[in-house]
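> Pasting the sequence and the predicted model now:
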Amino acid sequence: MSLFTPKSLALGAALWLGAAPAMAADPVKLGFVYVGPTGDHGWTYSHDQGRKAVEAKFGDQVMTRGVENVPETADSERVFRDMASQGYKIIFGTSFGYMNQEAKVAKAFPNTVFMHATGYKTDKNLGTYDVRTYEGAYLLGVMAGKVTRTAKLGVVGSIPIPEVIRNINAFTLGARSVNPKVTTRAIWVNSWFDPGKEREAALTLIAQGSDILMQNTDSPAVVQAAQEKGVHAFGWDSDMTQFGGKAHLAASVLNWGAIYVKTVDEVMKGTWKPGGLWWGVKDSGINIDNFGPDLPADVRKLAEQRRDEIKAGKLHPFIGPIKDQAGKEFVAAGKTYSDDDLHKMNFYVEGVEGSIPK
């Protein structure tokens, strides 16, 4: 039996004539390091949806890999170093606690692009990216201020860093912009993903009189608790309707895919430059969506109107006059709190009760 096929004969002829066969380029390897499970229905889930958006956009030009449940400790350095040593071209660290580890590994692998979510350190091959989650929190606050009957709102907070404090403040400012009597109380669980602690905190807030809850944690436990107790809550980072259809008023939905596609495209074209991306409603990085049956139509219309004003640059959640918790004005009338100051926010605004854990 002959070992020569028409295909092999054609290949031999091409080689004899000096023509090399076209070879498919190896896919660009992209790594994603996750702080929680992709099934958390919150933060990590939304990042993984972004990874899938990259696959849908670039097809076989890329190969992606996600590593779940990587602690925000020095141990995460091993994961970043392992990916870089295996030839990953871009590595995305999706949580604030990875910043120092990424900065260290980036120096050892200058040909790998590292992107760090929510941080501030940059280098020749290290960039940062974030979504303006405070815009979504503000819009949820507008809805909460209109719907609440007790004028008491609750927030289940994760870890007391500026990002989360900023969201609690924006939520309160949104609510008080339509209902000045509103107060907000936060309970901190000191974890991004701990459904048990999140549920316990939600139940405590409800027992204290909060009839609408927001969260800055990753599981749907808060929405589930609200459904059980007959109060309302919001989806955070993604739609959480399935966990409490009656309780779910709306969701602040993140679109990491927009940032990931942009970054991958620039790296592949050789136009990527280090720096920081902070995308919001204007850039399609975040939106309010998945409105529930208990949200009045006029409240939805108002929230969408405010969203469109933010998108058009006519409204900023942190435009003055704004006072801090002690009653001291920190943003004058007509002035806007700067991005630099927002990144460092470590105090509550007027209307937030309690104190920030040290």
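All right, it came through fine.
> which residues in the stretch 251-358 of the chain form strands?
Secondary structure of the stretch 251-358 of the chain by DSSP state E, counting those that start in this stretch: the strands cover 276-279, 286-289, 322-323, 329-331, 352-353.
> out of these, which comes closest to His41?
His41 sits nearest to strand 286-289 of all the strands of the stretch 251-358 of the chain, at 14.6 Å, using C-beta to C-beta. In this view, the C-beta of every residue, glycine as well, is placed from N, C-alpha and C.
> Walk me through the domains of this protein.
Per automatic domain parsing, the structural domains of the chain span 28-132+256-283, 134-253+288-353.
> can you redo the ones you listed as TSV with mean neighbour count and mean pLDDT?
Below are these laid out as TSV (neighbours: other C-beta atoms under 10 Å; pLDDT from 0 to 100):
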stretch	mean neighbour count	mean pLDDT
domain 28-132+256-283	19	97
domain 134-253+288-353	20	97
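> So Glu200 belongs to a helix, correct?
Yes. Judged by DSSP: H, G, I helix; E, B strand; the rest coil, Glu200 forms part of a helix.
> Distance check, it against Trp188.
Per C-beta to C-beta, to the nearest Å, Glu200 is found 12 Å from Trp188.
> what does Ile161 give?
Counting by C-beta to C-beta, the gap from Ile161 to Trp188 is 11 Å.
> again, but for His343
Plainly put, His343 is 20 Å away from Trp188 if you go by C-beta to C-beta.
> go on, Asp75?
According to C-beta to C-beta, Asp75 stands 24 Å off from Trp188.
> next one: Val113
Counting by C-beta to C-beta, the gap from Val113 to Trp188 is 34 Å.
> before we move on, what about Pro195?
The gap separating Pro195 from Trp188 is 16 Å, by C-beta to C-beta.
> who touches the nearest residue to Gly334 once chain neighbours are set aside in this structure?
For Gly334, ignoring the flanking residues on the chain, the nearest one in space by C-beta to C-beta, 6 or more residues apart in numbering is Gly320 at 6.3 Å. Counting by C-beta atoms under 8 Å, 6 or more residues apart in numbering, Gly320 makes contact with Glu329, Val331, Ala332, Ala333, Gly334, Lys335, Thr336, Tyr337.
> Could I have the CA atoms of stretch 222-229 written out in PDB?
Extracted C-alpha coordinates of stretch 222-229, given in PDB (Å, rounded to 0.1, in the frame of the first residue of the first chain):
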ATOM      1  CA  VAL A 222     -28.200  38.700  50.500                       C
ATOM      2  CA  VAL A 223     -30.900  38.500  47.800                       C
ATOM      3  CA  GLN A 224     -32.000  35.100  49.100                       C
ATOM      4  CA  ALA A 225     -32.300  36.400  52.700                       C
ATOM      5  CA  ALA A 226     -34.300  39.400  51.400                       C
ATOM      6  CA  GLN A 227     -36.700  37.100  49.600                       C
ATOM      7  CA  GLU A 228     -37.100  34.900  52.700                       C
ATOM      8  CA  LYS A 229     -37.900  37.900  54.900                       C
END
